[in-house]
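1. generate coordinates for the sequence data below:
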Amino acid sequence: MYSTRAISAAAFFLIVLICDGFCQAPTNKVSSKPDQAPKAFALSSVVHPRVAKMARPRISKSMKGVQSRVSTSSPKAREHVRQGFALVHAQWNFEAYRHFSAALAIDPDCIMAYAGVTLALIQPFNEYADYRRAAVLRMLDMNDADKAGIKKGQKARFSASERGFVDAIAALVSQNPESARDMLLKVAKDDPRFVQAKMIAVFLNRGGYNVANEPSQKRLDALRETQQLMDNHPDNWMVLGFWLMLNAEAPFSVLNIKEEILPHARYLTKKCPDIPTWQHALGHFEWRAGNYLLAERAFTRAIKLYEKWMQQEGVELNDCEGYVKSKCYLANTLFQRDDFSGAMKVAMSLRGLKPDPSRPRSAGNQIILWRAYHLPARLYIARDDRENRAMALGSLPATEEIDPFVNHPKFPTLAGVYIEALAAYIAGRKAIDDQMFEVANRLRNEKLKSLIKKLAGVVDGAMMSADFTHYFNAGSSLAVYDMELAGLIAAAGDISIRSTALNHFMSARDKQGVPSLMMPPLVLSPMENRIGDYYYSIGRHADAYEAYYQGLQRYPHNMASLTGVQRSLVNLGQADQAERVGKHIELVRKKNQ
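-> Have a look, this model is predicted:
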């Protein structure tokens, strides 16, 4: 139903979307009029006016790692370029764009700054796409001119590694990732200081995981090569950050994360405490390890850093989607810690944000529409009782709130369809509450599924939009909600179909993936709990225990999973173990107080 395209862990590495054929090759078009002179290059075609008007971005002394050559007569421009590359690999793309723009304001002929702009704005069909395209064309023109001059015996303006890197990045955005990878590997081999060339090449050949969560050989090779980079560059925070991003979505156990990943994430934020994206990454790993209190602290630090940055630098929320992302994850973290009021307070603060109709494709707008606006509803859904379901329906945005974006003449969003689908799901749940099972069935089959089909039916167009990643994740979450609703209808309905509920719940579980792009999950409860509830209802307490325990592997210390484990142990006659789980539950609740 949905695209099987892989969605990467790092925002920078949304280049995987481009590699699948999103962007047209950047080519220099020759005018049909022979007497028309080529249009002169203007730096304003690469540097957006709102960025040009901002003060020069600050240099973070803690950020280091880029050691490659940057050909420029200005040490300050070189410093901004290196800072920009470090920030690209830290997933802070807008701030990276500002640094590359600052370098170009000092030295408009710095070819690596144009390559940096290309990478910072790599996400396809974003609102800065024209500026990225201009950067690509400019760096290719400069590269070609340098090569032509060398053939004539002139002194090279740029190093061979810079020329190779520019060609590779151009190949990457020209739908040729395999050639780009080979070019990058050659650059890295010829110039070992060009670490980012090796990193991008590794990513382009990284592979994935199979249905049994086993890594492919390509994934194993990528992890091995990245580990070698870490061993060779132990104090290179860019390499360490890349290694963490590569592992962000791996289906590791809690133990793996605690022992193998968290020490590195904590070390990185200790060395670079002022980078909000890395504080967010630490929160992500603490969350996945079940360390919710530590995750809360990390996300809170990220939020405060973003707030300070926006205030000091005059950056709008449109260009600071990381702030919304960290607050969404903070709300999820508080919910998992059984602090519903705290989670709802954060969610309602996000619900009060106002997206900007003048910039429909901005990253900030997209995350508000696809994540923040229905976060209160999803929290109410996850609380899972009649009263909260009524609250969920009432908390969804009204049609007029999102109409300027849903019906935008040039860049309409599909977020409205997703919100409609959530409303249909909630209505189906309310119908079950009222024992109106035929109504619930109709809502699922005629409303919810039709909206899911509506989303799936425009996948080709969605792939050409700025919000494709949000669309993809939203569609995946609806597949989970749909199977869950089918199971709940079966479980509560006629006895002749109750046994089919288990298959639906298992399907919902199988569709519930690992949080992607360091985003919190859209579905806030593990579907393993539904399986546990079903087994518990028919007296299969050992199977119920196993299901609830698996829920804890997905969302460690999830309160519903913990209480399910406890009651299953009681029914299995294991009173001592049930008591220990009960003490753990009280400890978690006490921490919240």
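2. residue ranges with poor pLDDT in the stretch 401-550 of the chain?
-> 516-517 (pLDDT under 70).
3. that one: helices as residue ranges?
-> 415-433, 437-442, 449-457, 459-462, 468-492, 500-511, 528-537, 541-554 (DSSP state H, counting those that start in this stretch).
4. nearest to Ser161, out of those?
-> Judged by Cβ to Cβ, the one of the helices of the stretch 401-550 of the chain that comes nearest to Ser161 is helix 468-492, at 31.8 Å. From N, CA and C alone the C-beta is placed, and that goes for glycine too.
5. remind me what the closest one packs against, helices and strands.
-> helix 415-433, helix 437-442, helix 449-457, helix 459-462, helix 500-511, helix 528-537 (3 or more Cβ pairs under 8 Å, 6 or more residues apart in numbering; DSSP states H and E).
6. closest one to Arg554 among those?
-> Going by Cβ to Cβ, the one of the helices and strands packed on helix 468-492 nearest Arg554 is helix 528-537, 6.3 Å.
7. CA atoms of that closest one as CSV?
-> C-alpha atoms of helix 528-537 as CSV (Å, rounded to 0.1, in the frame of the first residue of the first chain):
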residue,chain,number,x,y,z
GLU,A,528,2.0,-6.2,22.1
ASN,A,529,-0.3,-5.0,24.9
ARG,A,530,-3.4,-5.8,22.8
ILE,A,531,-2.1,-9.3,22.3
GLY,A,532,-1.5,-9.6,26.0
ASP,A,533,-5.0,-8.3,26.8
TYR,A,534,-6.5,-10.9,24.4
TYR,A,535,-4.6,-13.8,25.9
TYR,A,536,-5.4,-12.6,29.4
SER,A,537,-9.1,-12.5,28.6
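8. compute the inter-axis angle for it and helix 500-511.
-> Orientation of helix 528-537 against helix 500-511 (axes from the mean of the first three to the mean of the last three Cα atoms, to 10 degrees) gives an angle of 160 degrees.
9. ok, and for helix 528-537, which residues are buried?
-> Buried residues in helix 528-537, defined by neighbour count with 16 or more other Cβ atoms under 10 Å: 528-536.
10. which residues outside that helix are in contact with it?
-> Contact partners of helix 528-537, identified using Cβ atoms under 8 Å, 6 or more residues apart in numbering, comprise 484, 487-488, 491, 501-502, 505-506, 508-509, 541, 543-545, 547-548, 550-551, 554, 558, 560-561, 564, 567-568, 571.
11. ditto for stretch 182-196
-> Contacts for stretch 182-196 (Cβ under 8 Å, 6+ apart): 65-69, 85, 89, 159-161, 164-165, 167-168, 171, 197-198, 200-201, 204, 229, 233, 236, 238-239.
12. make it 7 Å
-> 65-68, 85, 89, 160-161, 164-165, 167-168, 171, 197-198, 200-201, 229, 233, 236, 238-239 (Cβ atoms under 7 Å, 6 or more residues apart in numbering).
13. now Gly564. Nearest residue, chain neighbours left out?
-> Of all residues not flanking Gly564 in the chain, Tyr548 sits nearest, at 3.5 Å (Cβ to Cβ, 6 or more residues apart in numbering).
14. and the one you found, how close does it get to Pro526?
-> Going from Tyr548 to Pro526 by Cβ to Cβ, to the nearest Å gives 9 Å.
15. worst-scoring helix or strand of this protein, pLDDT-wise?
-> helix 15-19 (a mean of 31; mean pLDDT, DSSP states H and E).
16. same for the next helix or strand after that helix, what does it pack against?
-> Going down the chain from helix 15-19, the next helix or strand is helix 49-52, by DSSP states H and E. If contacts are counted by 3 or more Cβ pairs under 7 Å, 6 or more residues apart in numbering; DSSP states H and E, helix 49-52 sits against helix 93-106.
17. quick check: mean pLDDT of the helix it packs on?
-> Taken as a whole, helix 93-106 has an average pLDDT of 98.
18. could you do stretch 372-385 as well?
-> 96.
19. now that stretch: buried residues?
-> Here stretch 372-385 shows 372-383 as buried, counting by 16+ other Cβ under 10 Å.
20. in helices only, show me those.
-> Judged by DSSP state H, the subset of the buried residues of stretch 372-385 located in helices is 375-383.
21. let me have those residues in a markdown table, adding distance to Val51 as columns.
-> Output for these, formatted as a markdown table (distance: Cβ to Cβ, whole Å):
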| residue | distance to Val51 |
| --- | --- |
| Leu375 | 30 |
| Pro376 | 34 |
| Ala377 | 35 |
| Arg378 | 34 |
| Leu379 | 36 |
| Tyr380 | 39 |
| Ile381 | 39 |
| Ala382 | 39 |
| Arg383 | 43 |
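22. what's the closest of those to Asp146?
-> Among those, and counting by Cβ to Cβ, the member closest to Asp146 is Leu375, at 50.3 Å.
23. so what's the residue count around the residue nearest to Asn93 when sequence neighbours are not counted?
-> Using Cβ to Cβ, 6+ apart and skipping the chain neighbours, the partner closest in space to Asn93 is Ala120 (4.8 Å). When neighbours are counted by other Cβ atoms under 10 Å, Ala120 registers 27.
24. same question for Phe340.
-> By other Cβ under 10 Å, neighbour count at Phe340 equals 18.
25. can you pull the contacts of it?
-> Residues counted as contacts of Phe340 (Cβ under 7 Å, 6+ apart) are Arg383.
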